[in-house]
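Trainee: Using only what follows, build the 3D model:
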Amino acid sequence: MDKEFDLGSELITLEEKKNNQADKLIKIASAYKLFHDDTKEPYAIINNECLKIRSSSFKQLLAREMYQSYGEAPNSDALNQALNVIEAQARYDGQCIKLFNRVAEFEGDFYYDLANGRAVKISNSGWQALESFPVLFRRFSHQQVQVEPQRGGNINDLFNFLNVRNERHRLLILVYLIACFIPDIPHPIFHPYGDQGSGKTTMFVCFKNLIDPSKLNVLITPRDSTELIQILDHHYLCLFDNLSTFPDWLSDLLSQACTGGGFSKRKLYSDDDDIIFQIMRCIGINGINLLIGKPDLMDRTILLHLERIEPSQRKEWKIILKEFETVRPYLLGCLFDVLSEARVIYPSVELQHLPRMADFVHWGVAIAQALGYEAQDFLIAYQGNVESQNAEIINGNTLAQAVLSFMADKEKWEGTVKEAHDQLVPLVTISKEDRTFPKHYNKLRHALNRIKPNLLDFGVKFTIADFNTRRGVFMSFQKVTKIPSLSSQCSQSNEINWLCRDDREDSEDRLKVSSQAKLLKNKDCEGCEDREDKIGHFWEGEQEGVNLEEVEVIRCST
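Mentor: Residues are numbered from 1 along each chain as shown. Below is the predicted model:
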């Protein structure tokens, strides 16, 4: 028989007390709006903030409300019973509502979460901070309240805190920052690198405070993929500081996270339920050396080499932060001003050929024009970044160097995969640690596929047949016309101006865009592991002079 408790004049059992407490907790929760998100995770809305039903914050809230209302604290069994019912109500009776992290789009307008129950609405007609708005944002314990944006600032004040003097780099930085407020598009990975004392961490702290204020301004290298996925889920802008190594698993996961990827893990070891993560994030990494070596991540990256700051130009960290906090509200207002104007320009922007990160480039042209530049200014700056990427890939890839050296005095070469491998090996020095040059010819196809876009940018094309002959798998290298640059793809006939000249050290006049000024308007198959010696043979009708143009099936992905 259960132990008895004396409550006034009534005697009730422990089981009755537990059930009574659970009912009280359920009654308290009925005052909140219960719902579930698009992954079936149950939530409650309290003071315009979303709390997971199973979160410690929601449990503490229920316990507090019960104590204030009934003068008693719930026991753990009663709390768990109540949470089971509340979860079921949210999942099966509540509405399905998509949640957002920091930025959102609703009916064509952008919304930015200030994390204090207010949000900024950015539309074609301008921006304003609202107490009530039609979207819901997720909040995490590390997030901090954003300052109230102010009008009347000067966007050029940002570069008082960044060690960047090159005009092209300044334009790319402004475009990148403003594009971070655009939801649901892939954003390039921002990768500054340079010597100690070049201002890499200061740059990231400024970026984080402008876009996604947090107790964690910069992040350290995660230990594994599970930890990284949680970091990406909880931060809208993820900035990894001072990386010294960059393993393949990290490169592959960031490639997916910046363009959009889905991840899952088991919820509990005792069941088969999954926790689902749908992630598309703004990401930055920095280090002393260039960290990225894989082509698939490199062409999703904006590179920025920083020089060491002269001792006479250094400031104390506390002074920098204090000065930045003074202008942060005005810089935020400037960014919203430019984004609002870019929204007006965006529909009229046309590119003849869409590059990788096409959404970012499309918006980049509109943002550059809203800043007062010509479309070509941004395209040339971005093209310069693409060329830097290709140069870095070629410089770090032994196979690419061998191919370019091999084709330096040739217009075309034909032979077998084995013959090509034999011709390329003597042209370079291959170390034991070198993973870019295949040690055996049967891996040449796979290695070449990874650098195909980079070779094309340097004017070399290759084709590999999809069949084997007695002689081997036929392939060819051929000189081709380089692909058109981005700067020639804009449909608007804007004259190339300041960016066509040599890089200037000073750019004070060009970047002075005040939020009070009138902004200018628009004027008008990788991973193939097939071994070449395992490919099916093509014996019938075989001739030594097989015409590749007529019979081959090209397996290389574009």
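Trainee: How about residue 97, nearest residue that isn't a chain neighbour?
Mentor: Nearest non-adjacent residue to residue 97, counting by C-beta to C-beta, 6 or more residues apart in numbering: residue 35, 5.0 Å away. Just so you know, the C-beta spots here come from the backbone N, C-alpha and C atoms, and that holds for glycine as well.
Trainee: same question, residue 416
Mentor: Once flanking residues are discounted, residue 416 sits nearest to residue 472: 3.3 Å by C-beta to C-beta, 6+ apart.
Trainee: helix/strand/coil for that neighbour?
Mentor: Put simply, residue 472 is coil when judged by DSSP: H, G, I helix; E, B strand; the rest coil.
Trainee: tally of neighbours for it?
Mentor: 18 (other C-beta atoms under 10 Å).
Trainee: quick one, phi psi at it?
Mentor: Phi and psi for residue 472, reported as degrees, to the nearest 10, are phi 140, psi -170.
Trainee: right, and it touches residue 420 too?
Mentor: No - with contact defined as C-beta atoms under 8 Å, residue 472 does not reach residue 420; the gap is 9.7 Å.
Trainee: For the stretch 301-450 of the chain, which segments count as helices?
Mentor: Along the stretch 301-450 of the chain, the stretches classed as helices by DSSP state H, counting those that start in this stretch are 317-345, 358-370, 375-395, 398-406, 417-424, 444-450.
Trainee: Tell me where the model's unsure across the protein.
Mentor: Residue ranges of the chain with pLDDT under 70: 1-19, 263-276, 482-558.
Trainee: Looking at the record's assignment, how would you partition it?
Mentor: As assigned by automatic domain parsing, the chain contains the domains 4-97, 392-484+526-551.
Trainee: Tell me where the stretch 51-200 of the chain has strands.
Mentor: Taking DSSP state E, counting those that start in this stretch, the strands of the stretch 51-200 of the chain run over residues 95-96, 99-100, 103-106, 109-113, 119-123, 126-130, 136-137, 189-194.
Trainee: Give me the contacts around the first one.
Mentor: In other words, strand 95-96. 35-38 (C-beta atoms under 8 Å, 6 or more residues apart in numbering).
Trainee: Flag every buried residue along stretch 341-354.
Mentor: Buried residues in stretch 341-354, counted by 16 or more other C-beta atoms under 10 Å: 341-346, 349, 351.
Trainee: Over to stretch 393-410?
Mentor: 393-394, 396-404, 406-407.
Trainee: Can I get those residues in JSON lines including distance to residue 164?
Mentor: Shown next, in JSON lines, are the buried residues of stretch 393-410 (distance: C-beta to C-beta, whole Å):
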{"residue": "393", "distance to residue 164": "24"}
{"residue": "394", "distance to residue 164": "25"}
{"residue": "396", "distance to residue 164": "24"}
{"residue": "397", "distance to residue 164": "28"}
{"residue": "398", "distance to residue 164": "32"}
{"residue": "399", "distance to residue 164": "34"}
{"residue": "400", "distance to residue 164": "30"}
{"residue": "401", "distance to residue 164": "31"}
{"residue": "402", "distance to residue 164": "36"}
{"residue": "403", "distance to residue 164": "35"}
{"residue": "404", "distance to residue 164": "32"}
{"residue": "406", "distance to residue 164": "39"}
{"residue": "407", "distance to residue 164": "37"}
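Trainee: Closest one to residue 415 out of these, please.
Mentor: Nearest to residue 415 among the buried residues of stretch 393-410 is residue 406, at 11.2 Å by C-beta to C-beta.
Trainee: And residue 36, how far from residue 92?
Mentor: Applying C-beta to C-beta, to the nearest Å, the value for residue 36 to residue 92 is 8 Å.
Trainee: between the two, who's got more neighbours?
Mentor: The neighbour comparison of residue 36 against residue 92 (other C-beta under 10 Å) goes to residue 36, with 21 against 10.
Trainee: Hmm, residue 90 and that one touching each other?
Mentor: Yes - at 5.4 Å, residue 36 and residue 90 qualify as touching, with contact defined as C-beta under 8 Å.
Trainee: Give me the common contacts of those two.
Mentor: Common neighbours of residue 36 and residue 90, using C-beta under 8 Å, 6+ apart, are 42-43.
Trainee: Now the buried members of the contacts of strand 95-96.
Mentor: 35-37.
Trainee: Turn these into a markdown table, including secondary structure and distance to residue 193.
Mentor: As requested, the buried ones among the contacts of strand 95-96 are exported to a markdown table (DSSP: H, G, I helix; E, B strand; the rest coil; distance: C-beta to C-beta, whole Å):
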| residue | secondary structure | distance to residue 193 |
| --- | --- | --- |
| 35 | strand | 44 |
| 36 | strand | 43 |
| 37 | coil | 37 |
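Trainee: So residue 85 versus residue 470, what's the distance?
Mentor: With C-beta to C-beta as the criterion, residue 85 and residue 470 are 74 Å apart.
Trainee: Looking at those two, which has the bigger crowd around it?
Mentor: Set residue 85 next to residue 470 and count neighbours by other C-beta under 10 Å: residue 85 wins out with 14 against 9.
Trainee: ok, now which ones touch the more buried one?
Mentor: By C-beta under 8 Å, 6+ apart, residue 85 lies in contact with 22, 26.
Trainee: Any figure for the gap between it and residue 26?
Mentor: Using C-beta to C-beta, residue 85 is found at 5 Å from residue 26.
Trainee: Kindly report the same for residue 176.
Mentor: 48 Å.
Trainee: repeat for residue 437
Mentor: Plainly put, residue 437 is 66 Å away from residue 26 if you go by C-beta to C-beta.
Trainee: of those two, who's got more company?
Mentor: Legend: neighbour count by other C-beta under 10 Å for residue 437 and residue 26, higher for residue 437 (21 against 18).
Trainee: Could you pull up the contacting residues of the more buried one?
Mentor: Counting by C-beta under 8 Å, 6+ apart, residue 437 touches 398-399, 402, 424, 428, 430, 447.
Trainee: swap the cut-off to 7 Å and go again
Mentor: Residue 437 makes contacts with 398-399, 428, 430, as judged by C-beta atoms under 7 Å, 6 or more residues apart in numbering.
Trainee: Over to residue 293. Which of the three states is it?
Mentor: Assignment for residue 293 (three-state DSSP): coil.
Trainee: I'd say it and residue 396 touch.
Mentor: Yes - if you go by C-beta atoms under 7 Å, residue 293 and residue 396 touch, sitting 5.3 Å apart.
Trainee: now the residue nearest to residue 171 when sequence neighbours are not counted: how far from residue 407?
Mentor: Nearest non-adjacent residue to residue 171, counting by C-beta to C-beta, 6+ apart: residue 381, 5.1 Å away. Distance, residue 381 to residue 407, using C-beta to C-beta: 30 Å.
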